[in-house]
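*Asks:* Build me a model:
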Amino acid sequence: MLAAGVSALVVLVWFVAWIGRDEPDEVVRDYLEALSAGRTAEALDISRAEDVPTGPFLRREALSRGWTIDAVETPKVVEGGIPDFENEDVYSVAYRLGGGHRGEFRLAEDGWSWRIDDPLVSVPFWPRLFSFLQIGPVRVPLRPDDPTTVRSDATRFWMFPGVYTPYANVPSTALAPKNPRLIVTDQGSYDPEFTVTAAGNRTAQAAVDAVLDDCVALRTAQCTMAPWYDSRYDTEKGLVDPEDVTTQRWRIVRRPAISVRDSRDPNGTDGPLETYVVTPGVLRLDATGLDRDYDPVGFAQTCEINKFRLPTRLSDAGVLTFPRDGDPVHVELKCTSAEA
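*Replies:* Coordinates of the predicted model:
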């Protein structure tokens, strides 16, 4: 009788434990809610994950707080299970957070509970403008050897699913992130995009004005100022190649209006930022030179500034700089004959 009573008690305990355990979707919700509250250690306990990798952005400080979980869907059976866990029931549970961003976990039976097989996300980052990556207050240097080098390859970091704020406290008056939030699920990558602020564009305009003054006054050899479309001056007395100009006097009729943009080309001539002309400027050229028959000729030109490529960099303090230490300044012109 005693043995039978003990057996019945064991069965009862097993049955109570079985019916009282969380369902896979409840485990997922508990996991995400712990992350939303910044309780990363508790979240990992809930996941029961094994061999969890490490990374700088797995710190609780990196996660934003209080983000909402939009939905946790009904578990679905995974046909074939998970490799090395052939005898366990496996479910997939989809979820949505941060305004509809979808992710999915796989969960396997683990004793009386469930184990999230993939609780972390390997996120590829493509930082172009800064020499570091910053998520929340956590900063990781990316190219400390040369801050002017542009990365063309992605760098991966392990992260929890959730909502993050990249470059939150970078004191830049020049740039503003297009999307101040990073939503991490099991899909996608992070390619930070910025817009240049009005203050940044004013800084660029002042720099271009100063360089243009030097170019026009012929105070620098860095400038390349010549017709762009056919690479020569079309005068009333014939064509004159720029290298055959013997004297020249430039005058600014109207300055170009300049802005700065993210070039989106990590291998671009000017790096990840470039100046571009919003409203063309106009120059007046009075010159002498030799035509194609090597006869002397005097001529005048009205030249429209269509492109002003000024090397543009962003310091780690978020300040736009315009180095003039040998990098060429390309001033592309469209010139037509003018009255002398």
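*Asks:* what are the C-alpha coordinates of stretch 126-137, in CSV please?
*Replies:* The C-alpha trace of stretch 126-137 is given here as CSV (Å, rounded to 0.1, in the frame of the first residue of the first chain):
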residue,chain,number,x,y,z
TRP,A,126,28.3,48.9,-41.7
PRO,A,127,29.5,52.1,-39.9
ARG,A,128,30.8,54.6,-42.5
LEU,A,129,31.2,57.9,-40.8
PHE,A,130,32.7,57.3,-37.4
SER,A,131,35.8,55.3,-36.4
PHE,A,132,33.7,53.7,-33.7
LEU,A,133,30.3,52.0,-33.2
GLN,A,134,28.2,53.2,-30.3
ILE,A,135,25.0,51.5,-29.0
GLY,A,136,23.5,53.3,-26.0
PRO,A,137,26.5,54.3,-23.9
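*Asks:* What segments of the stretch 151-300 of the chain are strands?
*Replies:* 155-159, 162-164, 175-177, 182-184, 194-196, 223-227, 233-235, 238-240, 245-254, 257-262, 273-279, 281-290, 296-309 (DSSP state E, counting those that start in this stretch).
*Asks:* buried ones in the longest one?
*Replies:* Neighbour-count burial for strand 296-309, counted by 16 or more other CB atoms under 10 Å, picks out 297, 299, 300, 301, 302, 303, 304, 305, 306, 307, 308, 309. No exception for glycine: its C-beta is placed from N, CA and C like everyone else's.
*Asks:* and the last one, bridged to which residues?
*Replies:* Right, the one you point to is residue 309. In this entry, residue 309 is beta-bridged to residue 330, by DSSP bridges.
*Asks:* repeat for the first one
*Replies:* Using DSSP bridges, the bridge partners assigned to residue 297 are residue 289.
*Asks:* doesn't residue 63 make contact with residue 40?
*Replies:* Yes - look at residue 40 against residue 63 with CB atoms under 8 Å: they come within range, at 7.1 Å.
*Asks:* Compare those two (neighbour count), which wins?
*Replies:* residue 63 (27 against 18; other CB atoms under 10 Å).
*Asks:* related to what we said a few turns ago, closest to residue 322 out of the strands of the stretch 151-300 of the chain?
*Replies:* strand 273-279 (8.3 Å; CB to CB).
*Asks:* Which positions within the closest one qualify as buried?
*Replies:* In strand 273-279, the ones that count as buried by 16+ other CB under 10 Å are 273, 274, 275, 276, 277.
*Asks:* swap in stretch 100-107?
*Replies:* Buried residues in stretch 100-107 (16+ other CB under 10 Å): 101, 103, 105, 106, 107.
*Asks:* Then stretch 316-333?
*Replies:* Result for stretch 316-333 [16+ other CB under 10 Å]: buried residues 318, 320, 321, 322, 327, 329, 330, 331, 332, 333.
*Asks:* Save those residues as TSV, and put in distance to residue 252 and pLDDT too.
*Replies:* Below are the buried residues of stretch 316-333 laid out as TSV (distance: CB to CB, whole Å; pLDDT from 0 to 100):
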residue	distance to residue 252	pLDDT
318	31	78
320	23	86
321	24	85
322	19	83
327	22	66
329	15	79
330	17	78
331	12	84
332	16	86
333	13	88
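*Asks:* Between all of these, which two are separated the most?
*Replies:* 318 and 333 (33.2 Å).
*Asks:* which residue sits closest to residue 138, ignoring its sequence neighbours?
*Replies:* residue 62 (4.6 Å; CB to CB, 6 or more residues apart in numbering).
*Asks:* how far away is the one you found from residue 35?
*Replies:* Using CB to CB, to the nearest Å, one obtains 11 Å as the distance from residue 62 to residue 35.
*Asks:* again, but for residue 168
*Replies:* Residue 168 is 18 Å from residue 35, where distance means CB to CB.
*Asks:* Of those two, which one has the most company?
*Replies:* Neighbour count, other CB under 10 Å: between residue 168 and residue 35, residue 35 has more, with 26 against 13.
*Asks:* The more buried one contacts residue 161, correct?
*Replies:* Yes - the criterion here is CB under 8 Å, and residue 35 meets it with residue 161 at 6.7 Å.
*Asks:* on that earlier part again, same list (the buried residues of stretch 316-333) but as JSON lines, adding distance to residue 58.
*Replies:* What follows is the buried residues of stretch 316-333, written out as JSON lines (distance: CB to CB, whole Å):
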{"residue": "318", "distance to residue 58": "26"}
{"residue": "320", "distance to residue 58": "33"}
{"residue": "321", "distance to residue 58": "34"}
{"residue": "322", "distance to residue 58": "38"}
{"residue": "327", "distance to residue 58": "40"}
{"residue": "329", "distance to residue 58": "45"}
{"residue": "330", "distance to residue 58": "45"}
{"residue": "331", "distance to residue 58": "49"}
{"residue": "332", "distance to residue 58": "48"}
{"residue": "333", "distance to residue 58": "54"}
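*Asks:* among the buried residues of stretch 100-107, which are in strands?
*Replies:* Members of the buried residues of stretch 100-107 lying in strands (criterion: DSSP state E): 101, 103, 105, 106, 107.
*Asks:* so what's the closest residue to the second one other than its chain neighbours up against?
*Replies:* Taking CB to CB, 6+ apart as the measure, residue 103 lies nearest to residue 185, with 3.0 Å between them; neighbours along the chain are not counted. Contact criterion CB atoms under 8 Å, 6 or more residues apart in numbering gives 95, 97, 101, 102, 103, 121, 161 as the residues in contact with residue 185.
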